[in-house]
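Student: With the sequence up front, the predicted model follows.
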Amino acid sequence: MIVGVPRETDAGEARVALVPDLLPKLTAAGLTVLLETGAGALAGFPDRAYAEGGASLSADVFGEADILLKVRPPKLDEVARMREGATFIGFLQPYANAATIRALAARRVTAFSMELMPRIARAQHMDALSAMSTVAGYKAVLVAASRLPRFFPLFMTAMGTLTPARVFVIGAGVAGLEAIGTAQRLGAIVEAYDTRPAVKEQVESVGARFVELTLDTEGAEDAAGYARAQPEEFYRRQQELMSRSVAAADVVITTALVPGQRAPVLITEEMVQGMRPGSVIVDLAAEQGGNCALTEPDREVVKGGVLIIGASNLPSTVPLHASEMYARTVTNFLEHLLEDGRIRLDLEDVVTSAPLVTHQGEIVHEAVKARL
Ligand code: NAD
């Protein structure tokens, strides 16, 4: 079977779905790898490195591949070029991408959405969302530090003492915890908040202060460990209670998400106006609508001297390691699907069935189908 790795064509996307180091894993499983010329170039992996690892190069892989590994969802013209019955593995943004999902089904592509991988221990090494959240959380802090008109750490100099920056992290899942760790390594004073009660201990265990809010968060977590959507009144009260922490912060990193929903608005325009000029908000929820009311995805907005960065694809700005991490998750998943060098789907296995969106001409994922 031929595994095709196309060049990513979305503006600003520098990642690639396969890195040269993983080629032996695929060839040992009996697969042939076909890489689109230049696919790894922006991530720091030249064609030569893939060729040396045994991959072939081609100007267009869509029509030849039995299995496609990709980072971003395919374009409609790319779906039209895919072989009927091919397998696609990549991010699909399945709840926001109706036309692509329908086109994949019509093309009889077996399409897996890496966003829908179950969060269970057995699938941890295939968890692309966690891998990318780690990169995003780290880079969000560096972006904030580079735009903040002050230092992060405490400086005691002959010219006097400079106080450390205060960082407030809202949402302490994978990205938030990574942001906390990175901000602390840079010497900031870090506070965090999350609606899931279990997070308090995790925040404290990495040395940050958990902000206590008098909110009823019982039931804020679902059985899978994700946040549950809350009524508007809950968010209104949360905004009110958090406004002091937001006003005191030099940097606010927001990561709060509820799967399959628009991100909750937790920082209002009024709260932004309460912040000191020069403060920075990095909104990692930008692609899902943003946690700050003023966020614009992929844009920077300045309001009352406060900079709001709508960061929708930070992993692409650390493309080498982000590609390595992502490629591991997709190749681990592909290995999971293989039996004697061919794809065999065991639909009784949740690791196979949970991320499966289209198969044999149908949209088979119930939640995605319902949303479309
Ligand atoms: P996510 O990206 O869906 O959300 C980010 C964080 O935002 C979450 O912690 C969520 O509770 C928080 N949030 C939502 N609404 C909020 C609000 N109104 N105010 C403040 N915070 C809010 O979550 P994630 O980072 O993907 O992680 C979710 C959970 O899954 C975590 O418990 C994580 O440890 C767990 N997880 C498990 C595995 C595994 O077992 N394989 C892998 C990854 C993550």
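Tutor: Received, thanks.
Student: Get me the contact residues on the stretch 251-372 of the chain for the ligand.
Tutor: 255, 256, 257, 258, 259, 264, 266 (CB under 6 Å from any ligand atom). In short, each C-beta sits where N, CA and C put it, glycine included.
Student: Would you confirm that the third one contacts residue 171?
Tutor: Yes: counting by CB atoms under 8 Å, residue 257 touches residue 171, with 6.8 Å between them.
Student: which neighbours do those two share?
Tutor: Each of residue 285 lies in contact with both residue 257 and residue 171 under the rule CB atoms under 8 Å, 6 or more residues apart in numbering.
Student: Compare neighbour counts for these two and give me the winner.
Tutor: Between residue 257 and residue 171, residue 171 has the larger neighbour count (other CB atoms under 10 Å), namely 29 against 24.
Student: so what secondary structure elements neighbour the helix or strand encompassing residue 27?
Tutor: Using DSSP states H and E, residue 27 sits in helix 23-28. Packing partners of helix 23-28 (3 or more CB pairs under 8 Å, 6 or more residues apart in numbering; DSSP states H and E): strand 32-36, helix 319-337.
Student: of these, which approaches residue 142 most closely?
Tutor: helix 319-337 (13.1 Å; CB to CB).
Student: Tell me the residues of the stretch 51-200 of the chain that contact the ligand?
Tutor: So far as CB under 6 Å from any ligand atom goes, the stretch 51-200 of the chain lies against the ligand at 119-121, 124, 127, 129-130, 133, 170-176, 193-196, 199.
Student: When you filter those residues down to buried only, what's left?
Tutor: Buried members of those, counted by 16 or more other CB atoms under 10 Å: 127, 129-130, 133, 170-176, 193-196, 199.
Student: out of those, what pair is the most spread apart?
Tutor: 127 and 193 (24.0 Å).
Student: Find the nearest non-adjacent residue to the residue of the stretch 101-250 of the chain found nearest the ligand, please.
Tutor: Relative to the ligand, the nearest point of the stretch 101-250 of the chain is residue 173 (2.1 Å; CB to the nearest ligand atom). Take residue 173 and drop its neighbours on the chain: the residue closest to it by CB to CB, 6 or more residues apart in numbering is residue 255, 6.4 Å away.
Student: cool, residue 89 as well?
Tutor: Leaving aside its sequence neighbours, residue 89 sits nearest to residue 112 (CB to CB, 6+ apart; 4.8 Å).
Student: burial count for that neighbour?
Tutor: 26.
Student: can you give me how far the strand or helix carrying it is from the chain middle?
Tutor: Residue 112 belongs to strand 110-113 when elements are defined using DSSP H and E. In terms of CA atoms, centre = their mean, to the nearest Å, the gap separating the centre of strand 110-113 from the centre of its chain is 18 Å.
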